[in-house]
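>>> here is my input, please return the structure:
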Amino acid sequence: MQKQLNANNRIRAVQLQVIDEGGNQLGVMPTQEALKLARERNLDLVEVSPQIQPPIAKIMDYGKYMYRKEKQEKKSKQKVQERKTVRVGFKTGVHDLDFKAKQINEFLNDGHIVKVELTLRGREKALAHMGRQKLEQFMTKLSNFSVQESIKRSPFGWTIIIRK
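Predicted coordinates:
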């Protein structure tokens, strides 16, 4: 969350550089005069740049400004990459592997993170080294990934996470 700006009677500066609601420069004026001007227009006087001399204040609707800022902040937080999971079996056929590789390439082009899992069942777990080789062969079918985390052993087989 952002810090709150000084508005109306909370402004402590003696003089302000004032900008009206249309973005026009009104010049340097005493704070009381700028406050009176803002009240005549049924708006608020908001100190937007308090660190410079004289501070810059803008005449605006403060509630509407804060609402837009919060909405924009929430929108920027929503741009989280989605993680897609594709499972490949130990006995998966060549055609199915080609189809899954095509699907992963589409996910990567859309900007998603992809987690590829090679699942091992029952006695296949005893052949885990062969499962890893199969996963490495499958990774050669993928064309457009740039970042690959190491192949990790999981309780159900092998997993790898790839990004574009």
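
>>> tell me how many other residues crowd residue 8.
16 (other CB atoms under 10 Å). Heads up, the C-betas are built off the backbone N, CA and C, glycines and all.

>>> how close does it get to residue 35?
6 Å (CB to CB, to the nearest Å).

>>> likewise residue 13?
11 Å.

>>> so those two - more neighbours on which side?
Neighbours were tallied for residue 13 and for residue 35 using other CB under 10 Å; the higher tally belongs to residue 35 (20 against 17).

>>> ok, now which ones touch residue 75?
With contact set as CB atoms under 8 Å, 6 or more residues apart in numbering, residue 75 has no partners.

>>> hang on, it in a strand?
No. Under DSSP: H, G, I helix; E, B strand; the rest coil, residue 75 falls outside any strand and is assigned helix.

>>> lowest-pLDDT helix or strand in this protein?
In the chain, the helix or strand scored least confidently by mean pLDDT, DSSP states H and E is strand 147-148, which has a mean of 70.

>>> picking that back up, quick check: neighbours shared by residue 8 and residue 35?
Joint contacts of residue 8 and residue 35 (CB under 8 Å, 6+ apart) are residue 45.

>>> quick check: the residue in the chain sticking out farthest from the centre vs residue 71, distance?
Residue farthest from the centre of the chain, counting by CA atoms, centre = their mean, is residue 123 at 42.9 Å. Distance, residue 123 to residue 71, using CB to CB: 56 Å.

>>> got it, and residue 62?
15 Å.

>>> these two: which has the busier surroundings?
residue 62 (18 against 10).

>>> can you pull the phi and psi angles for residue 100?
Main-chain dihedrals, residue 100, degrees, to the nearest 10: phi -70, psi -30.

>>> ok, now which ones touch the residue nearest to it when sequence neighbours are not counted?
Distances taken as CB to CB, 6 or more residues apart in numbering put residue 86 closest to residue 100, at 5.5 Å, once the chain neighbours are dropped. Residue 86 sits next to 100, 103-104, 107, 114-117 when contact means CB under 8 Å, 6+ apart.
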